[in-house]
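In: next come a sequence and a model predicted from it.
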Amino acid sequence: QVQVAESGGGLVQPGGSLRLACAVSGRSLSSYSMGWFRQAPGKEHEFVAAIRWSGESADYADSVKGRATISTNNANSTVHLLMNDLSPEDTAVYYCTVRWGSPHRIFVAWRYSGQGTQVIVSS
């Protein structure tokens with residue numbers, strides 16, 4: 001069983017930055033991929049970014065491309081999502097996800113996810 005726990009959410013002013021963290025435990029992750037999805041009120045889960053645990057094959061949604069960076073830290077089994085130039089449209093609950101194999105842009109394709117961390121972008 002894989003445990004996933006997100007942290008780092010909060011209130012951010014428009015134009016600001018945020019770094020989300022996801023701690024993963026339970027098994028060796030060498031053949032796994034990590035992802036970030038978000039869900040705004042009344043909407044479906046939206047793909048944000050994903051990456052292989054090795055750090056390869058990073059993929060970004062068009063809505064965040066150029067202002068988001070996903071990265072893995074093998075030493076402490078964490079994955080980070082750094083987002084810059086935030087706008088109110090980025091307000092959502094952000095979920096970290098884990099799956100065996102390649103990254104995927106569909107939320108239901110991910111086997112494990114955390115409880116989510118709330119991000120609110122507002123002045």
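Out: Here it is on my side, so go on.
In: show me what contacts the residue sitting nearest the centre point of the chain?
Out: By CA atoms, centre = their mean, the mean C-alpha position of the chain lies nearest to residue 36, the distance being 2.3 Å. By CB atoms under 8 Å, 6 or more residues apart in numbering, the contact list for residue 36 reads 20, 22, 48-50, 70, 79, 81, 94-97. (Each C-beta comes from the backbone N, C-alpha and C, glycine too.)
In: now do residue 90
Out: Taking CB under 8 Å, 6+ apart, we find residue 90 in contact with 38, 64, 83, 119, 121.
In: surely the first one touches residue 93?
Out: What it means is residue 38. Yes: the criterion here is CB atoms under 8 Å, and residue 38 meets it with residue 93 at 6.6 Å.
In: of the two, which one has the most company?
Out: When neighbours are counted by other CB atoms under 10 Å, residue 38 and residue 93 differ, and residue 38 comes out ahead with 25 against 18.
In: checking that one next. Helix, strand or coil?
Out: strand (DSSP: H, G, I helix; E, B strand; the rest coil).
In: low-confidence regions, this protein specifically.
Out: The model of the chain has no residue with pLDDT under 70.
In: tell me where it has helices.
Out: Using DSSP state H, the chain contains no helices.
In: make TSV out of the contacts of residue 90 and add distance to residue 107.
Out: TSV is the format used below for the contacts of residue 90 (distance: CB to CB, whole Å):
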residue	distance to residue 107
38	10
64	16
83	18
119	17
121	21
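In: neighbour-wise, which of those leads?
Out: Most neighbours among the contacts of residue 90, by other CB under 10 Å: residue 38, with 25 neighbours.
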